[in-house]
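No letters, just coordinates:
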């Protein structure tokens, strides 16, 4: 039985089949040839796995991140981040990290965070003199903060799988998320300072307040 499953898994993997489909096919093959269990158990298990109220949060988080991106909220968050840290060495890169932190705390999705921030910040960083590799690396790394910063879609899925409290998972992710974000800011600043990356002039506390006021409803 195990040998057959391994062969089936290996062949499908070589053919480039998605892992989720491979697991389903391997399980089905094992049930057909090595078990007397009815195949109806597969559809029942699929339905039971999806019939979870908490999983409704996932499409709604993705929908909200789409609204935030197309509605211009991500642009306001970026402007606030630039006003807050743009005056430092590598200010645009640091602002990208801060913007990813803020957007991840709203969308709950790492891919949505990368898409929303990268489309605006990477062209701006390249135009300001940052290398393409450095710009893409900063966004790709900072976007992963969406896994830790609550609300987080992976936390919801994990909490549902192990029957843990989603609220406790969110609380547990606050400190690690802030620590990782702080370390990314420090690492970006040190790299930008070493490479002589440009900084933007500080436009005053009035501009900082105005950008915060524009982004306030996005925070809410």
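Nice, thanks for sending it over. Everything numeric in this text was worked out from a predicted model, so none of it was measured.

after the host helix or strand of residue 179 comes which helix or strand?
Per DSSP states H and E, residue 179 falls inside helix 166-195. The helix or strand immediately downstream of helix 166-195 is helix 205-219, counting by DSSP H and E.

How about that following helix, which residues are buried there?
208, 211, 214-215, 218 (16 or more other C-beta atoms under 10 Å). For glycine as for every other residue, the C-beta is placed from the backbone atoms N, C-alpha and C.

Next: stretch 164-181.
Buried, per 16+ other C-beta under 10 Å, within stretch 164-181: 166, 169-170, 173, 177, 180-181.

Out of those residues, which comes closest to residue 128?
Using C-beta to C-beta, residue 181 is the member of the buried residues of stretch 164-181 that sits closest to residue 128, with 22.0 Å.

residues in contact with the residue nearest to the closest one when sequence neighbours are not counted?
Counting by C-beta to C-beta, 6 or more residues apart in numbering, residue 181 lies nearest to residue 101, which is 4.7 Å off, once chain neighbours are set aside. By C-beta atoms under 8 Å, 6 or more residues apart in numbering, the contact set of residue 101 is 142, 145, 149, 177, 181.

circling back to that earlier point, what is the helix holding residue 179 packed up against?
Applying 3 or more C-beta pairs under 8 Å, 6 or more residues apart in numbering; DSSP states H and E, we find helix 166-195 packed against helix 91-107, helix 132-143, helix 153-162.

To residue 9, which of these lies closest?
Going by C-beta to C-beta, the one of those nearest residue 9 is helix 153-162, 21.5 Å.

Name the residues that touch that closest one?
52, 54-55, 57-58, 61-62, 108-109, 146-147, 164-166, 168-170, 173.

Helix 91-107 and that one, what's the angle between them?
Angle, helix 153-162 to helix 91-107, by axes from the mean of the first three to the mean of the last three C-alpha atoms, to 10 degrees: 40 degrees.

Now find how far off-centre helix 153-162 is within its chain.
On the basis of C-alpha atoms, centre = their mean, to the nearest Å, helix 153-162 sits 15 Å off its chain's mean C-alpha point.

Between helix 166-195 and it, find me the angle.
Regarding helix 153-162 and helix 166-195, their directions subtend 150 degrees when assessed with the same axes, to 10 degrees.

buried sites along helix 153-162?
So for helix 153-162, counting by 16+ other C-beta under 10 Å, buried means 153-157, 159-160.
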